[in-house]
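# Have a look at this prediction, sequence included:
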Amino acid sequence: MARVVVDVMPKPEILDVQGQAVTRALDRIGVSGVSGVRQGKHFELEVSDGIDDETLHRLAGTLLANPVIEDWTVTRL
């Protein structure tokens with residue numbers, strides 16, 4: 001078995017309302033120096049060694065991410 005990490009983030013041109021809310025909350029609780037936050041999703045998969053990178057990218061783009069508004073990276077550990 002292999003471990004694979006898929007990180008999904010909103011595309012840069014997409015407004016990240018949740019990230020903006022976290023940024024404002026940090027200021028309210030007295031944390032300074034953080035000028036922006038982008039919130040995404042992190043998936044850890046255990047897959048068979050035989051699954052190729054193309055299949056993993058297709059899985060991420062069809063099931064884990066919305067390719068219209070999100071980018072993703074697939075990393076084998």
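In hand now; what should we look at?

# now the host helix or strand of H42: mean pLDDT?
In this structure, H42 sits in strand 41-47 according to DSSP states H and E. Strand 41-47 carries an average pLDDT of 98.

# Who does that strand pair with, and is each partner parallel or antiparallel?
In the sheet, strand 41-47 lines up against strand 2-10 (antiparallel) (DSSP bridges).

# coming back round to it: quick one: the strand holding H42 to chain centroid distance?
Centroid separation for strand 41-47 versus its chain: 11 Å, with Cα atoms, centre = their mean, to the nearest Å.

# what's the angle from the top helix by length along the chain to strand 2-10?
In the chain, with assignment by DSSP state H, the single longest helix is helix 17-28. With axes from the mean of the first three to the mean of the last three Cα atoms, to 10 degrees applied, the angle from helix 17-28 to strand 2-10 works out at 80 degrees.

# Not counting stretch 35-52 itself, show me its contacts.
1-10, 16, 18-20, 22-23, 26, 56, 60, 64-65, 70 (Cβ atoms under 8 Å, 6 or more residues apart in numbering). Heads up, the C-betas are built off the backbone N, CA and C, glycines and all.

# Any chance of a PyMOL selection covering the buried ones in the residues you listed?
Remark: buried members of the contacts of stretch 35-52, expressed as a PyMOL selection using 16 or more other Cβ atoms under 10 Å:
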select buried, resi 4+6+7+8+9+10+16+19+23+56+60+64+65+70
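
# T73 belongs to a helix, doesn't it?
No. Read with DSSP: H, G, I helix; E, B strand; the rest coil, T73 is strand and lies in no helix.

# does it really touch V4, like I thought?
No. The pair T73 / V4 is not scored as a contact, 10.6 Å apart, by Cβ atoms under 8 Å.

# intersection of neighbour lists for the two?
Joint contacts of T73 and V4 (Cβ under 8 Å, 6+ apart) do not exist.

# before we move on, what SS does the residue of the chain most remote from its centre have?
Most distant residue from the mean C-alpha position of the chain: G30, 26.8 Å away (Cα atoms, centre = their mean). State at G30, reduced to three classes by three-state DSSP: coil.

# Quick check: pLDDT value at it.
At G30, pLDDT is 96.
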